[in-house]
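Novice: I'll drop the sequence and a predicted model, then ask my questions.
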Amino acid sequence: MSKVVGTVWPLEPHTAMKHEILRRYFQAWLPILAQTSGRVVYIDGFAAPGEYRNGEDGSPVIVLKAARDHKHKLTIRALLFVCGSRAGQV
């Protein structure tokens, strides 16, 4: 049986860099993806918690904020956001 461990941990430097790449990638592609139908589906199969130990945003929050705060006025009718993780299990 898996041992459940805490789900809030410190943000590692390599993860912080991955989050910056994710944010920039999503901001670049969101207008392109929204052009065709106005609907965007984002699936994060390995999402960590929404917040790290010192309050830093996790990948789910980063992507949602990138959509919310996008510099272009986007015509997105729907953003389906699906996250899954086994991060709390070892």
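Specialist: Alright, I've got the coordinates.
Novice: where exactly do the helices run in this protein?
Specialist: In the chain, the helices defined using DSSP state H lie at 13-37, 59-68.
Novice: in the longest one, which residues are buried?
Specialist: If I follow you right, that is helix 13-37. Counting neighbours by 16 or more other CB atoms under 10 Å, one finds that the buried residues in helix 13-37 are 15, 19, 23, 26-27, 30-31, 33-34. All C-beta atoms are positioned from the backbone trio N, CA, C, and that covers glycine.
Novice: so for that helix, mean pLDDT?
Specialist: Averaged over helix 13-37, pLDDT sits at 91.
Novice: could you export the helices of the chain as CSV, including distance to residue 47?
Specialist: Output for the helices of the chain, formatted as CSV (distance: least, CB to CB, whole Å):
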stretch, distance to residue 47
helix 13-37, 11
helix 59-68, 5
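Novice: ok, now how distant is the nearest residue to residue 47 once chain neighbours are set aside from residue 71?
Specialist: Sequence neighbours aside, residue 83 is the residue nearest to residue 47 in space, at 3.8 Å (criterion: CB to CB, 6 or more residues apart in numbering). Look at residue 83 and residue 71: by CB to CB, to the nearest Å, they are 25 Å apart.
Novice: compare these two and say which is more crowded by neighbours.
Specialist: When residue 83 and residue 71 are compared on other CB atoms under 10 Å, the one with more neighbours turns out to be residue 83, at 17 against 7.
Novice: that older thread, any idea how far the residue nearest to residue 47 lies from residue 54?
Specialist: Distance from residue 83 to residue 54, by CB to CB: 21 Å.
Novice: for residue 85, what are its contacts?
Specialist: Going by CB atoms under 8 Å, 6 or more residues apart in numbering, residue 85 touches 45-49.
Novice: just the buried ones from those?
Specialist: 47-49.
Novice: quick revisit: the helices of the chain: which one's closest to residue 77?
Specialist: helix 13-37 (7.8 Å; CB to CB).
Novice: okay, the angle between that closest one and helix 59-68?
Specialist: 40 degrees (axes from the mean of the first three to the mean of the last three CA atoms, to 10 degrees).
Novice: I'd like to know which elements helix 13-37 is packed against.
Specialist: If you count contacts as 3 or more CB pairs under 8 Å, 6 or more residues apart in numbering; DSSP states H and E, helix 13-37 packs onto strand 39-44, helix 59-68.
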